[in-house]
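> Fold the following and give me the result.
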Amino acid sequence: MSTYKKRERRQVSFNTEDAVELELLKFADREDINFSGLVKNLLFAYKMGQLQPREISASVRQPERPLTTNMRNKGSMERTAGLSQIKASGMPFDF
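As a prediction, this is how the structure comes out:
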């Protein structure tokens, strides 16, 4: 028998004094964002090996290096392909 209820919740905290986390909070609060669906999609992609977590948290940032046009386009294509695979998986997530 499962120890879970029919619906379980998990909380995410955002440090509003951290500029990056504040921007993430603002993004999550947008009317056109289904935060729950977005988080489920990201968790699913991570579980399926399509995403690799960073070794650092959002609060401990590495120095930024400028992206070249090729790097930007490649990352965008990889994210689009990964998103297509997640959507094609049949999982009932939307965002």
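
> Kindly provide the distance from residue 21 to residue 28.
Residue 21 sits 10 Å away from residue 28, going by Cβ to Cβ, to the nearest Å. Heads up, the C-betas are built off the backbone N, CA and C, glycines and all.

> shared neighbours of the two, anything?
residue 14 (Cβ atoms under 8 Å, 6 or more residues apart in numbering).

> Residue 45 and residue 52, how far apart?
From residue 45 over to residue 52 the distance is 10 Å, taken as Cβ to Cβ.

> okay, those two: which has more neighbours?
residue 45 (18 against 8; other Cβ atoms under 10 Å).

> ok, that one touching residue 51?
Yes: using Cβ atoms under 8 Å, residue 45 is in contact with residue 51, at 4.5 Å.

> Below-threshold pLDDT in this structure: ranges please.
1, 54-95 (pLDDT under 70).

> Going by residue numbers, what spans are helices in it?
If DSSP state H is used as the criterion, the helices of the chain fall at 19-28, 35-47, 69-88.

> What are the buried residues along stretch 16-33?
Residues 18, 21 are the ones in stretch 16-33 that count as buried (16 or more other Cβ atoms under 10 Å).
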